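A.B. asks: Predicted model, plus sequence, below.
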Amino acid sequence: MDDRREQKAAIARKAYEIVEDGQVVFLDISSTNLYLADLFAEGPKSAVVVSNMLDVVKRVAAGKNVVAECPAGRMNLELFGLVGSKTVRDIARIRFDLAFLGTLEINVNDDSVSTFDMEDGAVKQTALEGSVRSYLVADSHKFRARGSYRYARISDFTGIITDSGAGAQAQALGELGVDLL
């Protein structure tokens, strides 16, 4: 979680600003979402926060104004989160006002968002499909990384919350109809 700490904390602050009281919010397995979980725990906003990342659930549960929920599923120790068909099934039953999703790669050349784990990607895709608004939370180095499992198109998202290092990608993202925050 220490890599790019300042960028991830700033991204989390931008994400938290989007949240309105009373919303149902999904936070996936993402190191940036750990920072966002801390903001939910410490902040004044009321929300129901659902996550398949156990550290996120634990952090959010410490807050006074939020309800933390966790889907069922199979534990993936490498991701320290829940994945698999039970997780996908549980998440598919919830209507999210917002979803904040991490990624391993953002590829503007082929309009794709990727991760390295197929089951993690299935969870992300399901949350994306069940959300009114969805945002990628990713620091700018994700524009230069490489993932192996494509779980969405960039254009499927409402926006991307990133740091100032993504400036060169802004025009291409605009052409895809995605807000860059």
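C.D. replies: Thanks, I have the structure now. Residues are numbered from 1 along each chain as shown.
A.B. asks: how about low-confidence regions in this structure?
C.D. replies: 1-2, 166-168, 170-171 (pLDDT under 70).
A.B. asks: In it, mark out all the helices, start to finish.
C.D. replies: 5-18, 31-42, 54-61, 85-92, 118-129, 170-175 (DSSP state H).
A.B. asks: Dump those to CSV, plus mean neighbour count.
C.D. replies: (C-beta placed from N, C-alpha, C; glycine too.) Formatted as CSV, these follow (neighbours: other CB atoms under 10 Å):
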stretch, mean neighbour count
helix 5-18, 18
helix 31-42, 22
helix 54-61, 20
helix 85-92, 17
helix 118-129, 22
helix 170-175, 14
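A.B. asks: Switch these over to CSV; also include distance to E78.
C.D. replies: What follows is these, written out as CSV (distance: least, CB to CB, whole Å):
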stretch, distance to E78
helix 5-18, 19
helix 31-42, 13
helix 54-61, 13
helix 85-92, 15
helix 118-129, 10
helix 170-175, 30
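A.B. asks: which one of those lies closest to V25?
C.D. replies: Taking CB to CB, helix 31-42 is the member of the helices of the chain nearest to V25, at 7.9 Å.
A.B. asks: Identify all contacting residues around the closest one.
C.D. replies: 1, 3, 8-9, 11-13, 15-16, 19, 25, 27, 47, 49, 51, 53, 55-56, 59-63, 66, 100, 102, 137-139 (CB atoms under 8 Å, 6 or more residues apart in numbering).
A.B. asks: do the same with stretch 169-179
C.D. replies: Outside stretch 169-179, the residues that touch it by CB under 8 Å, 6+ apart are 106, 108, 111, 140, 143, 154-155, 157-160, 180.
A.B. asks: 10 Å instead, please
C.D. replies: Defining contact as CB atoms under 10 Å, 6 or more residues apart in numbering, one finds that stretch 169-179 is touched by 106, 108-109, 111, 135-136, 140, 143, 153-162, 166, 180.
A.B. asks: Select, out of the helices of the chain, the one closest to N76.
C.D. replies: Closest approach to N76 among the helices of the chain is made by helix 118-129 (7.0 Å; CB to CB).
A.B. asks: From the contact counts, what lies against the closest one?
C.D. replies: strand 23-27, strand 74-76, strand 81-83, helix 85-92, strand 96-101, strand 112-115, strand 131-137, strand 149-152 (3 or more CB pairs under 10 Å, 6 or more residues apart in numbering; DSSP states H and E).
A.B. asks: and if we set it to 8 Å?
C.D. replies: Here helix 118-129 is seen to pack against strand 74-76, strand 81-83, helix 85-92, strand 96-101, strand 112-115, strand 149-152 when contacts are counted using 3 or more CB pairs under 8 Å, 6 or more residues apart in numbering; DSSP states H and E.
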